[in-house]
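S.K.: Show me how the following folds:
(3 chains)
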Amino acid sequence: MNGYPDGIVKEPPEWLSRRRLLDALILRLKGAGQRLAIVLLDMLAIGVLWILVSYIISWHVYGVIAYTLVPWWLFGVGVVEAAAVWESFGRSLGHRLARKELRPRQGGKSTLGQRLVYYIAWHITVLPMVGLLASPPWHERLAGLSLVPFSMEGKKPTPWWRTSSGLFMAVFLCAAVAAAVSVTMDKESLTRLFTQAGRTVKFWKALFSPDTSILLPSIRDLVVTIFMAVIATSFAVVVAVPLSFLAARNLMRGPIGRPIYTVLRGAMSIIRSIEPVIWAIIFLVWVTARRAPFAGVLALWVHSIADLTKLYAERLESIDPGLVEAITSTGAGRLQVLRYAVVPQIINPYISFTLYRWDINIRMATVVGVVGGGGIGQRLYFYLKNLAWQQAGTVMILIVILVWAIDYLSARLRAKLA
Amino acid sequence: MTSEAAAGVRPKARAEGSTLRRRFLSFLLDWMIWGYIAYGVMYLLNAYWWTVPLERYYSTLTLPSWGWPLAVLGTLEMAVWSRNLGRSLGLKAFGYEVWGADGKPPTVGQRVKRALLWHLSVLPLGAGFWSSPERPWHDRLAGTELHVLPSSPAPKRRKALFSQWGIMSLLLIALTIWLGWLIIKIDPRVLIRRWDEGSRIWLEMLHPDFRYFARPDPAFELRNLSFSILDMAVVTLFMALLSTILGAALAFPLSFLGARNVMGFNPAGWLVYFVMRGLFNIFRSIDTMLWAVIFAVWVLWGSPLAGVLALTVHTIAALGKLYSEQVEGIDPGPVEAVAAAGGSRIEVIRYAVIPQVAPSFWAFTLYRWDINVRMSTVIALVGGGGIGDLLFYYKNQGDWPKVGAVVIVIVAIVWAMDYISGRLRERIV
Amino acid sequence: MAEPYLVVEHLTKVYERGQVLALKDVSFTVEKGEFLVVIGLSGSGKSTLLRCINRLVEPTSGRIFLGGVEITRLSAREMRKMRRKIGMIFQQFNLIKRATVMTNVLTGRLGYNPTWRTLLGLFPKEDRELALKNLERVGLSDKAYVRADELSGGQQQRVGIARALMQEPELLLADEPVSALDPATSHSVMQYLEQMNREDGVTVLASLHFLSLARRYGTRIIALKEGRLVFDGPPEAIDDAKFKEIYGEEAEQVEVR
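M.R.: Here you go, the predicted model:
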């Protein structure tokens, strides 16, 4: 060996080295994570199906909304047990999505006994979650089964209606649609849907005989809408470009950078998930309805900042690091690298995203107007509310033309940039 | 290989035919830019000095009867001179540059000559272009040429900021922001003047009131029933779900009618294709919120059905367009193979087209599901039902803590669905 | 002597309103059971010629007879019926990548089954058995339910062959069947074609890039150059001069073993 007599080891054995231990831990955590994900997915699916079914039953039988029909703890136990049974005795949805299956370690077919052992051991392993860290996890070891990648080789496929997950998905889909239908369609609105079509006839007619007397003021409002989009977009760019550098994962490293990145991305994604319309409502109270277009612009601006920052930052994250390396290797400073390696890669995508957002903002500006944010949308809403169908139709034509034109223009310009 | 050869023929012919059109568009762009500048200057004059006899309205102006021809001719002249005395934005955008026929940059004399001759050559119905569209009279007489950039010799160009088009772009941006500022009546001081009001809203929203999260709020009634925030959130999700399923189911067959390669190249197929694409485009450009108003008046104000219908209509149009573009982008190989095995057109769709487009169809549907969830949270504001009903109700009550609670629930829903649909899309693609 | 099996008369194909001439007045005949190889440079019209025979490409003028039937005159519906007897395999395999091998092979039976059945994917039991048999024949029986894009190039082409076999064809069109494959796989694929030709008596029309492959497998060779037929004869008749004429002066012969 290394000059020492047998039995005396100078160095710690290799499996004890820190790296090996760490690797092993990570490997196990990964395995545990995957198994846990499968279990959670199964429980989620079963839980949601349960909720859907009880929703339908309670709505139609009792005329109230109830999500479980049983006490919450019973619901919990039921879901866990159902998931355990499904995973032990069949190929569950989670297995299917993870493209895994349970097979005896020795090959051949699994027996009912093995499955039973698996089911019982599952409770000891998965519920306290410790057994999952073992490799293989306790319940699999006890049952002599292992979770292996699923393969179709040399097999005949079972049609979906003869697999448990296929049947489950079918039932799930039916329940979801049934629940959705029973919630959204009540008798009154359905009958009105079929009897009250006449109310909109004037509107459809107006699409072919516009009221020209309101054309000029409508075009004025259209101009306001366009300017709302332009101003909101350009001011958003000014804010979003610097923010995007702070929100790019690859640029923000270290103990200061990473928290900034996390906070910024989180905030942007919260802001983004609130529709501009909601922002407009808030801003309308703030700046008063007298300044409706201003409130609309603020709403669009806030939402655009969040959206553009995300788009820009994602683009920054996917820049080619090779070019950065090359420029850095010439001895360039940080700003020079930025100017000569980063900016050339992002300038066209940035412009393209901006155009795209401008396109969206035009649409959004009309929508924001509907809740009182000024511009053409407000005019349209006014006419619609007062059942002035002919005027509403006229305004609608203008909006369609505008949106079309902008859509076309922005698509053409973006195609040129790409 | 034959198709490649065939494809090689087409673009050249198109490029030749479009020279005049491109020139015209480039000129039109310059003309429009000067028109816009004139409008902006008039507007600013009107806003600040009140010297021009115009109607003072916030976005358009009314000119006296003699003003219109003056404006048209004035902007035309500006366009002509700007195109000849430097590289205007219109020239730059289309990659044109005026160049001497001798291969040198044109002299000032040549430029002026070309501008003057332009009137003789173009104004009489473009007579100068009749003999040779490539090099009309004014170019020939002034000894210049209009180069398309890649083919022109590379001269020492000025920096963008010192060229005419660079200065013009900056000017246009500044003008636009100035105009927008005035037209929208932007006034940041309001934000500060009403700071108390604004900050009160924010503070109250940040102290959300979740009392009625799972318990129905007795004060809020819809069709004689009380609902909790959770109830309305579920309704919202169901609206998005139903409209996505309905929309996708209807868009799926329609998308094949809107795909060129499936409809074939006979006149009937072309007509169907054209009508379908037109309908998709029109229905798509009317936003969901506007559809919701129509359906709310039609069906019932505040009924979720109105929201579902509005979302469905927009979903059909949007998905129909995306789907048919995917169908048009398929690999023709399997189509050939199935046809060669004796498959009919519908069998070709079933065995060669659908398997190819299925993953992207799923991805688009999930993406649309995501959008529909977002839209359904606010569609109630125009009578479409869903959680927005609560939001609007509480906002009208001025009950901002409850508004805050609803907004947080909305954020949670949108976030969760965004995450799920993103993960699923990753798996599919 | 009876009428030859396949007769091509004055076949001309012009693409794009008279701008590209792909085939110029091509005439030849093929006897039943022949293994005819079409050679020529890329762009010489080989693919167009094969596609004109099953009318995936509509000929501009000229007539084609197959077993005494003038197929250039058939209606679309009759042509679909006729295509059952004409199998085809492709350079890029043209499989449905995201479907199973089984589904791919079964598409070869589309012409034999009513549309309502095929739309629902309900192929008769005999067809499925036949599919398994044909997969076994090309040595892929254990891959029947694997997705087609998980297979290697050579395996994919063998699926293509199995699909053509499903049609129980009398004539097989092979459009550069081995161009996308490496030399070793090429021979195995060509041997399947040879086997079909010898054992099942299928007439084969294959376009090939390499002369060596053409010599090895073809019973007769025709050559196209810029859409014209420039050679028609036995493989041995192609000498150096003939080769230069077909492939151009700079060409060198490359052996594929």
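S.K.: For burial, what's the neighbour tally of residue 229?
M.R.: Since no chain was named, I'll use chain A. When counting by other Cβ atoms under 10 Å in any protein chain shown, one arrives at 29 neighbours for A:Ala229. Where you see a C-beta, it was placed from the backbone N, CA and C, and this is true even at glycine.
S.K.: that's the wrong chain, I wanted chain C
M.R.: 21.
S.K.: I'd guess it is in a strand, am I close?
M.R.: Yes - the assignment for C:Leu229 is a strand, going by DSSP: H, G, I helix; E, B strand; the rest coil.
S.K.: my read: it touches C:Val38, true?
M.R.: No - between C:Leu229 and C:Val38 there is no contact under Cβ atoms under 8 Å: 9.6 Å.
S.K.: Any chance you could list residues touching both of those two?
M.R.: C:Ile222, C:Ala223 (Cβ atoms under 8 Å, 6 or more residues apart in numbering or on different chains).
S.K.: List the buried residues of the helix or strand encompassing A:Leu44.
M.R.: For A:Leu44, the host element (DSSP states H and E) is helix A:18-57. In terms of neighbour count (16 or more other Cβ atoms under 10 Å in any protein chain shown), helix A:18-57 has its buried residues at A:31-32, A:35, A:38-39, A:41-43, A:45-47, A:49-56.
S.K.: what's the closest non-adjacent residue to residue 236?
M.R.: Because you didn't say which chain, this covers chain A. Among residues not flanking A:Ala236 along the chain, A:Ser304 sits closest, at 3.6 Å (Cβ to Cβ, 6 or more residues apart in numbering or on different chains).
S.K.: Chain C, not that one
M.R.: Spatial nearest neighbour of C:Glu236, chain neighbours left out: C:Arg215 (7.9 Å); criterion: Cβ to Cβ, 6+ apart.
S.K.: And C:Ala223, by the same measure?
M.R.: C:Phe231 (3.8 Å).
S.K.: Can you get me a residue count around the one you found?
M.R.: C:Phe231, neighbours per other Cβ under 10 Å, totals 17.
S.K.: same deal with B:Leu241?
M.R.: By other Cβ under 10 Å, the residues close to B:Leu241 number 22.
S.K.: what does A:Val337 give?
M.R.: So A:Val337, with other Cβ under 10 Å, has 18 neighbours.
S.K.: can you pull the contacts of it?
M.R.: Each residue near A:Val337 by Cβ under 8 Å, 6+ apart is listed here: A:Val324, A:Ile327, A:Thr328.
S.K.: Domain parsing of the chain, as residue ranges.
M.R.: Reading this off chain A. Using automatic domain parsing, the domain parsing of chain A gives A:14-166, A:204-417.
S.K.: oops, I was thinking of chain C
M.R.: Taken from automatic domain parsing, chain C resolves into C:1-83+C:179-257, C:86-168.
S.K.: Mean pLDDT and distance to B:Gly385 for those - can I get that in CSV?
M.R.: CSV is the format used below for these (pLDDT from 0 to 100; distance: least, Cβ to Cβ, whole Å):
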stretch, mean pLDDT, distance to B:Gly385
domain C:1-83+C:179-257, 85, 50
domain C:86-168, 89, 38
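S.K.: who wins for proximity to A:Trp72 among the ones you listed?
M.R.: Smallest distance to A:Trp72 across the domains of chain C (Cβ to Cβ): 42.8 Å, for domain C:86-168.
S.K.: Report whether that closest one contacts chain A.
M.R.: Yes - against chain A, domain C:86-168 shows contacts by Cβ under 8 Å from any Cβ of the partner chain at C:Thr100, C:Asp142, C:Lys143, C:Ala144, C:Tyr145, C:Val146, C:Arg147.
S.K.: Now do the end-to-end distance for that domain.
M.R.: 8 Å (Cα to Cα, to the nearest Å).
S.K.: ok, A:Met252 - contacts?
M.R.: A:Met252 sits next to A:Leu246, A:Arg258, A:Ile260, A:Tyr261 when contact means Cβ under 8 Å, 6+ apart.
S.K.: can you pick the most crowded of those?
M.R.: Counting neighbours by other Cβ under 10 Å, A:Tyr261 comes out on top of the contacts of A:Met252 with 19 neighbours.
S.K.: Skip the chain neighbours and tell me the closest residue to that residue.
M.R.: Using Cβ to Cβ, 6+ apart and skipping the chain neighbours, the partner closest in space to A:Tyr261 is A:Met252 (3.9 Å).
S.K.: Counting by contacts, list what the helix or strand hosting C:Arg198 packs against.
M.R.: Using DSSP H and E, C:Arg198 sits in helix C:183-199. When contacts are defined as 3 or more Cβ pairs under 8 Å, 6 or more residues apart in numbering or on different chains; DSSP states H and E, helix C:183-199 packs onto strand C:35-39, helix C:153-166, strand C:171-175, strand C:203-207, helix C:211-217.
S.K.: returning to what we had before: next, the residue nearest to A:Tyr261: secondary structure please.
M.R.: Relying on three-state DSSP, one would call A:Met252 coil.
S.K.: before we move on, what about A:Ser165?
M.R.: Counting by three-state DSSP, the backbone at A:Ser165 sits in helix.
S.K.: B:His314 now?
M.R.: The three-state label given to B:His314 by three-state DSSP is helix.
S.K.: before we move on, back to that, quick one: the residue nearest to C:Glu236 and C:Ala237 touch, right?
M.R.: No - with contact defined as Cβ under 8 Å, C:Arg215 does not count as touching C:Ala237 (10.5 Å).
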